[in-house]
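Peer 1: the following comprises the amino acid sequence and a computationally predicted model.
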Amino acid sequence: MKKFAVPIILTVIFGWLALWFTQTYQWFPMQASAEAVPVDGMILLSFEILAVVAALVMVFFVYALVVFRRRPGDTADGPHFHSHNGLEIAWTIVPLIIVMGMWWHGVQVADSMGLLRELPSDAQALQINVTGQQWAWSFEYPKQAGVPESFSSDRLVLPVDRTAVFSISSPDVMHSFWIPEMRMKMDAIPGRVNKMRLTPNKAGEYKVRCAELCGTDHAYMESPVQVLAAEGFTKFVADNDISKLSPEERGEKWAKTYGCVGCHSIDGKKMAGPTWKDLYGHEVELDGGTKVKADEAYLKTSILDPNSQIVLGFKPNVMPKTFQDRFTKDNAGKSFDEVDDLIAFIKSAKVDTQP
Ligand SMILES: [Cu+2]
């Protein structure tokens with residue numbers, strides 16, 4: 001036993017140092033949701049266990065390298081050892097128990113967040129439909145307590161301390177909905193709706209990011225998140241009352257909520273799609289050489305049937321072909337036409353008068 005005294009003392013010292021570092025270092029961004037606490041607890045617990053295991057392995061490893069190194073002139077074989085059954089059983093059973101414990105803890109946390117089975121629905125919870133598409137997020141607030149009329153937004157605004165249930169989907173490829181400060185992350189998968197619940201508990205400004213590589217502009221696929229006190233949220237709902245907007249203002253809103261702005265600029269910048277600046281009333285050169293005038297009819301066809309005319313220098317099948325369906329589905333019983341509104345907005349992206 002005496003020959004193990006030094007490595008054991010070293011292990012205790014280094015294990016303690018590693019543990020101290022793990023607990024002192026700021027690993028995480030701020031905690032802005034109730035879920036952040038158990039998530040961080042789980043990560044920290046595994047870091048702590050890893051710190052102790054790393055100290056144990058590294059100390060014995062370095063100790064053996066140094067103390068049992070071959071001395072000059074020593075050409076003999078080392079002494080022969082037999083394995084030690086007690087030790088082997090111990091280092092199989094102990095890690096097994098630790099890993100099973102971590103697994104059970106993880107299962108409990110996942111279940112408490114409603115990831116393993118559908119939780120009983122919470123009447124107070126705010127329901128929000130999230131769409132991730134190439135390369136923008138949009139948020140639809142269906143009619144419910146506190147939301148007299150459904151509306152959509154390119155910003156995610158949440159009341160503080162009220163649970164929000166997100167129904168997340170995608171019309172094109174896989175994306176992943178993630179607000180780092182709130183920890184939880186959920187994939188947006190075409191053809192299905194994934195649910196995630198979060199209770200933001202700190203007012204402030206955050207960002208939704210896309211955490212699943214989804215094409216050219218994946219890195220820019222982020223949207224602002226605002227967590228507001230209850231009055232601020234009520235005001236946000238009132239500001240989104242569509243009946244108060246002009247067609248042009250509505251068009252700007254659609255361009256954001258339907259993610260057009262992820263591919264089209266109004267300031268001349270070339271993105272995945274052509275800019276809308278100076279588009280209306282001007283000639284557009286199409287793939288194949290024909291020229292057409294960008295009048296209302298042309299814009300309408302471009303929006304509803306994007307593949308019918310491809311602008312020179314751009315690719316077909318980039319612009320989604322699903323807008324017609326989404327407009328009808330989202331705004332049933334509406335008194336406006338999204339396409340007319342969008343055209344009004346595109347028309348407003350005129351030449352600026354600067355020299
Ligand atoms: Cu994405």
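Peer 2: Here it is on my side, so go on.

Peer 1: wait, what's in contact with the residue of the stretch 51-200 of the chain at minimum distance from the ion?
Peer 2: Residue nearest to the ion within the stretch 51-200 of the chain (CB to the ion): residue 175, separated by 3.4 Å. For every residue, glycine as well, the C-beta is placed using N, CA and C. Neighbour list for residue 175: 132, 133, 187, 188, 210, 212, 214, 221 [criterion: CB atoms under 8 Å, 6 or more residues apart in numbering].

Peer 1: between the residues you listed, which sits nearest residue 181?
Peer 2: In terms of CB to CB, no member of the contacts of residue 175 lies closer to residue 181 than residue 210, at 15.9 Å.

Peer 1: re earlier: adding neighbour count, write the contacts of residue 175 out as TSV.
Peer 2: Listed next are these as TSV, based on neighbours: other CB atoms under 10 Å:
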residue	neighbour count
132	30
133	24
187	18
188	26
210	25
212	19
214	21
221	23
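
Peer 1: which members of those occur in helices, if any?
Peer 2: Using DSSP state H, no member of those sits in helices.

Peer 1: picking that back up, now the residue of the stretch 51-200 of the chain closest to the ion, which residues is it bridged with?
Peer 2: residue 188 (DSSP bridges).

Peer 1: if we can go back for a sec, among the contacts of residue 175, which lie within strands?
Peer 2: In strands, defined here by DSSP state E, the members of the contacts of residue 175 are 132, 133, 187, 188, 210.

Peer 1: what ranges does the stretch 1-150 of the chain have for its strands?
Peer 2: In the stretch 1-150 of the chain, the strands defined using DSSP state E, counting those that start in this stretch lie at 126-133, 136-141.

Peer 1: now do the first one against strand 136-141, angle only.
Peer 2: Between strand 126-133 and strand 136-141, the angle formed by their directions is 160 degrees, by axes from the mean of the first three to the mean of the last three CA atoms, to 10 degrees.

Peer 1: so which bits of the lengthiest helix in the chain are buried?
Peer 2: Using DSSP H to define each element, the chain has its longest helix at helix 36-67. Going by neighbour count (16 or more other CB atoms under 10 Å), the buried part of helix 36-67 is 36, 38, 39, 42, 46, 47, 49, 51, 52, 55, 56, 59.

Peer 1: surely the last one and residue 16 touch.
Peer 2: If I follow you right, that is residue 59. No: between residue 59 and residue 16 there is no contact, the gap being 11.7 Å when judged by CB atoms under 8 Å.

Peer 1: quick check: most distant residue from the centroid of this structure.
Peer 2: Most distant residue from the mean C-alpha position of the chain: residue 73, 62.0 Å away (CA atoms, centre = their mean).

Peer 1: distance of it from residue 198?
Peer 2: Residue 73 sits 68 Å away from residue 198, going by CB to CB, to the nearest Å.

Peer 1: quick one, what contacts residue 341?
Peer 2: 247, 248, 250, 251, 253, 254.

Peer 1: burial count for the third one?
Peer 2: With neighbours defined by other CB atoms under 10 Å, the count for residue 250 comes to 20.

Peer 1: show me what contacts it?
Peer 2: Per CB under 8 Å, 6+ apart, neighbours of residue 250: 242, 336, 338, 341, 344, 345.

Peer 1: what kind of secondary structure is it in?
Peer 2: Of the three states, residue 250 takes helix under DSSP: H, G, I helix; E, B strand; the rest coil.

Peer 1: and the helices in the stretch 51-200 of the chain, which stretches?
Peer 2: Listed in chain order, the helices of the stretch 51-200 of the chain (DSSP state H, counting those that start in this stretch) span 85-112.

Peer 1: what parts of it come near the ion?
Peer 2: Contacts of the stretch 51-200 of the chain with the ion, taken as CB under 5 Å from the ion, map to residue 175.

Peer 1: so where's the stretch 51-200 of the chain shaky on pLDDT?
Peer 2: By pLDDT under 70, the stretch 51-200 of the chain has no low-scoring segment.

Peer 1: distance check, residue 305 against residue 135.
Peer 2: Shown here: residue 305 relative to residue 135, a distance of 22 Å by CB to CB.

Peer 1: the two - which one has more neighbours?
Peer 2: residue 135 (23 against 12).

Peer 1: let me see the contact set for that one.
Peer 2: 210, 214, 215, 216, 217, 218, 220, 221, 259, 262, 263, 272.

Peer 1: map the structural domains onto the sequence of this structure.
Peer 2: 2-65+87-112, 126-240, 243-348 (automatic domain parsing).

Peer 1: buried deepest among those, which one?
Peer 2: domain 126-240 (a mean of 18; mean count of other CB atoms under 10 Å).

Peer 1: okay, how far is it across it, tip to tip?
Peer 2: 16 Å (CA to CA, to the nearest Å).

Peer 1: next one: it to chain centre, how far?
Peer 2: Centroid separation between domain 126-240 and its chain, computed with CA atoms, centre = their mean, to the nearest Å, is 9 Å.

Peer 1: do stretch 124-132 as well
Peer 2: 14 Å.

Peer 1: neighbouring contacts of that stretch?
Peer 2: Contacts with stretch 124-132, where a contact means CB under 8 Å, 6+ apart, come from 137-142, 144-147, 156, 158-159, 162-171, 175-177, 188, 197, 210, 214, 221, 259.

Peer 1: mind checking the backbone torsions on residue 146?
Peer 2: phi 90, psi -10 (degrees, to the nearest 10).
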